[in-house]
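**Q** Next input, structure requested:
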Amino acid sequence: MDTLIYYLARGVVAILQALPLVWVARLGRTLGALAYWLDARHRKVALDNLTLCFGSEKSPQEIRAIAKENFRRIGENYCSAIKTAAMLPWQMHPHFDFKFAKSIVPHEANAGPQSRIVAIGHFGNFELYARFGQFVPVFKCAATYRALKQPALNRIMVSLRQTSDCRFFERRTDAAALKEAMSDTGLLLGLLADQHAGRNGLRLPFLGHDCSTSAASAVFALRYNCPLHTSICYRTGLAKWHIEVGDEIPTRINGVARSTADIMLDVNRALEAAVRRDPANWFWVHKRWKPAKPVKAETKMEDGE
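**A** Numbering: from 1, shown residues only. Have a look, this model is predicted:
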């Protein structure tokens, strides 16, 4: 079965990569629109999330319109990510551009860049974050990921990402390799900061409601003394995207480290601004606002010891 899934998926990849990117984007939007009507579970998640965040300022009709466009965008982004994985940098120029804060690039001629942490999220064609190093070659890009449960699909995902020149570290198995990589200079490490982080996450507000937030971006920035930024991928048109790297988020004040909660609160605010700028551009089908799980009694005892 695994072999069958692998070859079926490879066939889909081959077809999408053979088509022009604009055709692939249109096909993805069509599939996304179809998914909105067929995938009742994720449609409900998206509508519930949008109502939670915008119910007091947008009508039900407006919320449904955003959800429908969100599904179209998700389809467009997923299909386009498969196509763009096979495109060379010069082929990407008509479809993709960067705008980055001045503080992220070297200020002196021939100066090597300092390693940096970039808090990223599921905005637009987020797989394009990995292409940054091909457009700004003074940086060596890296990112973490979680392997898919289906081995065949995971092999395909890894093979698609290998074309980006970005180093990917599996969160559960590559911790030692990532730690070694952080000793290098000029590393640009992207860490997802917009997903539910479970019981170990920080409870922080996002779009007006508390949710579990990963502290990884703040922890890495403090541990390795790296500047911290956010980065957002915006859709500007059919098969066109624009990535903006934000200004540096302070991790220390007068040499004293800020708390991870305060740092991640600033990250959340930057991501909130991006969501409000283009609500349909974010990944609303994820259960971001799960209620906090009660802490086990034995855990409480350990914390008090």
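**Q** Residue 167 contacts residue 145, doesn't it?
**A** No: counting by C-beta atoms under 8 Å, residue 167 does not reach residue 145; the two are 10.7 Å apart. Using the backbone N, CA and C atoms, a C-beta is placed for each residue, glycine as well.
**Q** more neighbours, those two?
**A** Taking other C-beta atoms under 10 Å, residue 167 and residue 145 do not tie; residue 167 has more neighbours (20 against 16).
**Q** That one: what's its closest spatial neighbour, skipping adjacent residues?
**A** residue 142 (4.3 Å; C-beta to C-beta, 6 or more residues apart in numbering).
**Q** Near that neighbour, how many other residues are there?
**A** By other C-beta under 10 Å, 22 other residues sit near residue 142.
**Q** Can you name the residues that contact it?
**A** Residue 142 sits next to 166, 167, 168, 169, 178, 181, 187, 188, 189, 190 when contact means C-beta atoms under 8 Å, 6 or more residues apart in numbering.
**Q** nearest to residue 120, of those?
**A** residue 190 (4.7 Å; C-beta to C-beta).
**Q** Which neighbours in the sheet does the helix or strand hosting the closest one have, and how are they oriented?
**A** Per DSSP states H and E, residue 190 falls inside strand 187-192. Strand pairing for strand 187-192, using DSSP bridges, gives strand 116-120 (parallel), strand 140-145 (parallel).
**Q** Check the offset of the last one from the chain's centre.
**A** This means strand 140-145. Computed by C-alpha atoms, centre = their mean, to the nearest Å, the separation of strand 140-145 from the middle of its chain amounts to 11 Å.
**Q** any idea which helix or strand comes after that strand?
**A** That would be, after strand 140-145 and using DSSP H and E, helix 151-161.
**Q** Just the angle for that next one relative to strand 140-145, thanks.
**A** 160 degrees (axes from the mean of the first three to the mean of the last three C-alpha atoms, to 10 degrees).
**Q** Which strands or helices does helix 151-161 pack on?
**A** helix 2-18 (3 or more C-beta pairs under 8 Å, 6 or more residues apart in numbering; DSSP states H and E).
**Q** helices or strands up against the helix or strand just after the helix it packs on?
**A** Next in sequence after helix 2-18, counting helices and strands by DSSP H and E, comes helix 21-38. Counting contacts by 3+ C-beta pairs under 8 Å, 6+ apart, helix 21-38 packs against helix 40-54, helix 60-84.
**Q** pull the CA atoms of helix 21-38 into PDB?
**A** Extracted in PDB, the C-alpha atoms of helix 21-38 (Å, rounded to 0.1, in the frame of the first residue of the first chain):
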ATOM      1  CA  LEU A  21       2.400  27.800 -12.600                       C
ATOM      2  CA  VAL A  22      -0.700  30.000 -13.400                       C
ATOM      3  CA  TRP A  23      -2.600  26.900 -14.500                       C
ATOM      4  CA  VAL A  24      -1.500  25.000 -11.400                       C
ATOM      5  CA  ALA A  25      -2.700  28.000  -9.200                       C
ATOM      6  CA  ARG A  26      -6.100  28.000 -11.000                       C
ATOM      7  CA  LEU A  27      -6.500  24.300 -10.600                       C
ATOM      8  CA  GLY A  28      -5.600  24.600  -6.900                       C
ATOM      9  CA  ARG A  29      -8.200  27.300  -6.300                       C
ATOM     10  CA  THR A  30     -10.800  25.100  -8.000                       C
ATOM     11  CA  LEU A  31      -9.900  22.100  -5.800                       C
ATOM     12  CA  GLY A  32     -10.000  24.400  -2.700                       C
ATOM     13  CA  ALA A  33     -13.500  25.600  -3.600                       C
ATOM     14  CA  LEU A  34     -14.600  22.000  -4.000                       C
ATOM     15  CA  ALA A  35     -13.000  21.100  -0.700                       C
ATOM     16  CA  TYR A  36     -15.000  23.900   1.100                       C
ATOM     17  CA  TRP A  37     -18.200  22.000   0.200                       C
ATOM     18  CA  LEU A  38     -17.000  18.500   0.700                       C
END
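**Q** I'd like the helices and strands packed on helix 21-38 laid out as JSON lines, including distance to residue 243.
**A** As requested, these are exported to JSON lines (distance: least, C-beta to C-beta, whole Å):
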{"stretch": "helix 40-54", "distance to residue 243": "24"}
{"stretch": "helix 60-84", "distance to residue 243": "13"}
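**Q** Give me whichever of the ones you listed is most buried.
**A** For the helices and strands packed on helix 21-38, the largest average neighbour count (mean count of other C-beta atoms under 10 Å) is found in helix 60-84, namely a mean of 21.
**Q** and that helix with helix 2-18, angle?
**A** Using the same axes, to 10 degrees, one finds that helix 60-84 and helix 2-18 are set 90 degrees apart in direction.
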